[in-house]
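Novice: Based on what follows, work out the 3D shape:
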Amino acid sequence: MGTTDFARRWRSRAQYLWSQGTDSRVIATRTWLENRVLPWSAVTSDAGPDAPTIAYAGPAHGIVKIHQMLEKRREALGAVTTSRVQGRADRETLLRGDVLPDADLVAVAGSAAQIARLPRDSALTLPFRLHILASTEDGGDGWRRRMSKSERRCALAFQRTGAWALEVAGDAASLDWFYHRMHVPTMRSRHGARARSESLDYARECLFRKGMLAFVTRDGERVAGMLCRWEPGTGILSVRLVGVLDGLAELYEDGAMRVSDHLILEWASANGVRQVDFGGCEPFLSLGTLQWKRKVGPMGELAPNHLGSLRVWWHARRDTPAVRDFLAANPVVEMTAGGGLRAVYFQDDRRPARLDLAATREGIDGHRVVELDEYFAGVMAPAR
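Specialist: Residues are numbered from 1 along each chain as shown. Model prediction:
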């Protein structure tokens, strides 16, 4: 192995340890560094006079993980981002509550202790990131019985559209093909300019060599794929990178990715895997990824890496019709006083609670419905 290859491999390993490591010392170090030493970032975006302005402040990676996600939720309501201003946040001034970002909706990320310092009025404390898991340790088809009934019906319907199978590949050429023909095109087609992923070097060193690459085939043709990380110490198989051939939307519609979840669970159950981790998502129940994952993985929990130690202060600074529309359309998962997770839905006399956007059946303990009139009590704002 040449010096350059050696350095590349160790750089990828260090990156994985820093971003995905579950060692408590790594988590504590990164949480301290990002929230006590490194400067915080701030960004505010607008989408026209009839949409809420949205601001974020906190560690820089939250701009992608939190703020861009919130922009997409605003776009789902028909308001496209028109302007964005980015800079640095004065951490201490912000945490004292002296000066808040000038936006209708404000998300501040930080450690649990930092978020606890912020005002409680018209605000909730959310986890920064959740993971959705399914148990396979009992073997057999117990995992299938724990799926939602609707998901089981969909699986039966998809099975009638072709001969589906799982192909485990261990050669380097298959990894390159998956990365360039499936994963990258899928990220580009699904997320456009906001697409983000891991490098091929990272995928090869930290996932392929430490896990498995599985293709979903239909009538013998590779149509989708998953690159997973295997953790023998915990018995968890984590689905990390996914994709469909050439990022084709019709393959999503044909059920290739949904079938892949069933096939990987079937494989895991037969091969001594304790749990399958379907990856992370933000704590907003309106996200398609969360609604998809919760149907196959009934358990929700805090992210196992450093993101699990972060919290988000989710605050509605102004009471406007657009803000109410956003809150009602986007129920969340909050942290309870005891450190648990609970779903929160918003409603008023014009906006019913979106109870159709369900949470996971395990890990997220129940829900509460918040009346928006009560939520905004005491907030200085124009009448709706």
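
Novice: What strand or helix carries Phe6?
Specialist: helix 3-20 (DSSP states H and E).

Novice: Might one say that Pro298 is in contact with Trp143?
Specialist: No: the pair Pro298 / Trp143 is not scored as a contact, 9.3 Å apart, by CB atoms under 8 Å. For glycine as for every other residue, the C-beta is placed from the backbone atoms N, C-alpha and C.

Novice: of those two, who's got more company?
Specialist: Remark: of Pro298 and Trp143, Trp143 carries more neighbours, 25 against 19, as counted by other CB atoms under 10 Å.

Novice: Run through who's touching the helix or strand where the more buried one lies.
Specialist: Per DSSP H and E, Trp143 falls inside helix 142-146. By CB atoms under 8 Å, 6 or more residues apart in numbering, the surrounding residues in contact with helix 142-146 are Ala134, Ser135, Thr136, Arg152, His262, Leu265, Glu266, Ala268, Ser269, Pro298, Arg361.

Novice: pretty sure the second one is touching Ser269, no?
Specialist: Yep, that's Ser135 we're talking about. No: assessed by CB under 8 Å, Ser135 is found out of contact with Ser269, at 9.4 Å.

Novice: before we move on, back to that, shared neighbours of Pro298 and Trp143, which are they?
Specialist: Contacts common to Pro298 and Trp143, judged by CB under 8 Å, 6+ apart, are Ala134.

Novice: where in this structure is pLDDT low?
Specialist: Within the chain, the segments meeting pLDDT under 70 span 1-3, 378-384.

Novice: how does it divide into domains?
Specialist: Here the domain parsing of the chain from automatic domain parsing is 16-130+304-375, 137-273.

Novice: next one: the first one to chain centre, how far?
Specialist: Between the mean C-alpha location of domain 16-130+304-375 and the chain-wide mean there is a distance of 13 Å, by CA atoms, centre = their mean, to the nearest Å.

Novice: now Arg209: how far from Asp277?
Specialist: Separation of Arg209 from Asp277 (CB to CB, to the nearest Å): 18 Å.

Novice: what about those two, which has more around it?
Specialist: Asp277 (24 against 13).

Novice: Please name the nearest non-neighbouring residue to the more buried one.
Specialist: Ser238 (4.1 Å; CB to CB, 6 or more residues apart in numbering).

Novice: Only C-alpha atoms, please: export the helix or strand hosting the one you found in PDB.
Specialist: Using DSSP H and E, Ser238 falls within strand 236-244. Provided in PDB are the C-alpha atoms of strand 236-244 (Å, rounded to 0.1, in the frame of the first residue of the first chain):
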ATOM      1  CA  ILE A 236     -26.500  -3.800  14.600                       C
ATOM      2  CA  LEU A 237     -26.600  -3.500  10.800                       C
ATOM      3  CA  SER A 238     -26.900   0.100   9.800                       C
ATOM      4  CA  VAL A 239     -28.200   1.000   6.300                       C
ATOM      5  CA  ARG A 240     -26.000   4.000   5.400                       C
ATOM      6  CA  LEU A 241     -26.100   4.600   1.600                       C
ATOM      7  CA  VAL A 242     -28.900   3.700  -0.700                       C
ATOM      8  CA  GLY A 243     -29.900   4.300  -4.300                       C
ATOM      9  CA  VAL A 244     -31.900   3.100  -7.300                       C
END
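
Novice: contacts for that strand?
Specialist: 133, 178-179, 181-187, 197-198, 203, 207, 211-212, 223-231, 251-252, 256-257, 260, 264, 268, 273-279.

Novice: In PyMOL, how would I select the buried members of those residues?
Specialist: Selection of buried members from these for PyMOL, criterion 16 or more other CB atoms under 10 Å:
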select buried, resi 133+178+179+181+182+183+184+185+186+187+197+198+203+207+211+212+223+224+225+226+227+228+229+230+231+251+252+256+257+260+264+268+273+275+276+277+278+279
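
Novice: out of the contacts of strand 236-244, which are inside strands?
Specialist: 133, 211-212, 223-231, 275-279 (DSSP state E).

Novice: still on that earlier bit, tell me the first helix or strand C-terminal of the helix holding Phe6.
Specialist: helix 24-32.

Novice: From the contact count, pick out the helices and strands touching that next one.
Specialist: Counting contacts by 3 or more CB pairs under 8 Å, 6 or more residues apart in numbering; DSSP states H and E, helix 24-32 packs against helix 3-20.

Novice: Mind listing what's buried along the helix it packs on?
Specialist: Buried, per 16+ other CB under 10 Å, within helix 3-20: Arg8, Arg9, Ser12, Gln15, Tyr16, Ser19, Gln20.
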